[in-house]
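I need the structure of the sequence given here:
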Amino acid sequence: MRRLIRERVFRAVFAGLVLVAASLPAAAQAIFPNQGTIGLVPPPGMTEITGVNGFEDRVSKAA
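Presented below is the predicted three-dimensional model:
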């Protein structure tokens, strides 16, 4: 009985660790505008504006 419980707990912990490890490479790269201390992750398609704290998408003319 204890062996069965221990095996289930081990499998659950192992599955959790695998999921966490698999999600690490998917983390987005933060940008630190104007050498700031707070990193920001721009929305998809947005790039950093030089000289200004912010992001822009020149194709869709969004800032």
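
from now on I want contacts and neighbour counts done on CA atoms only, so please keep to that.
Will do.

run through the helices of the protein in chain order.
2-23 (DSSP state H).

show me where pLDDT drops low in it?
24-27 (pLDDT under 70).

now with 90?
1-6, 16-63 (pLDDT under 90).

and Met21, how far from Glu7?
That one is not Met; residue 21 is Ala. Computed as CA to CA, to the nearest Å, the Ala21 to Glu7 distance reads 21 Å.

please apply the same query to Leu19.
To Glu7, Leu19 is 18 Å away according to CA to CA.

give me the contacts around stretch 48-58.
With contact meaning CA atoms under 8 Å, 6 or more residues apart in numbering, stretch 48-58 is reached by Ile31, Pro33, Asn34, Pro42, Gly45, Met46, Thr47, Ala62, Ala63.

now which of those residues would you call buried?
Neighbour counting by 16 or more other CA atoms under 10 Å classes Ile31, Pro33, Pro42, Met46, Thr47 among these as buried.

any chance of those in JSON lines with distance to Arg58 as columns?
Output for the buried ones among the contacts of stretch 48-58, formatted as JSON lines (distance: CA to CA, whole Å):
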{"residue": "Ile31", "distance to Arg58": "18"}
{"residue": "Pro33", "distance to Arg58": "18"}
{"residue": "Pro42", "distance to Arg58": "14"}
{"residue": "Met46", "distance to Arg58": "8"}
{"residue": "Thr47", "distance to Arg58": "9"}
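
of all pairs in these, which one spans the longest distance?
Farthest pair in the buried ones among the contacts of stretch 48-58 (CA to CA) is Pro33 and Met46. Separation: 13.2 Å.

overlap of the contact sets of the two?
Joint contacts of Pro33 and Met46 (CA under 8 Å, 6+ apart) do not exist.

how much space separates Thr37 from Ala30?
Note on Thr37: its distance to Ala30, by CA to CA, is 11 Å.

with Gly36 instead?
Applying CA to CA to Gly36 and Ala30 gives a distance of 11 Å.
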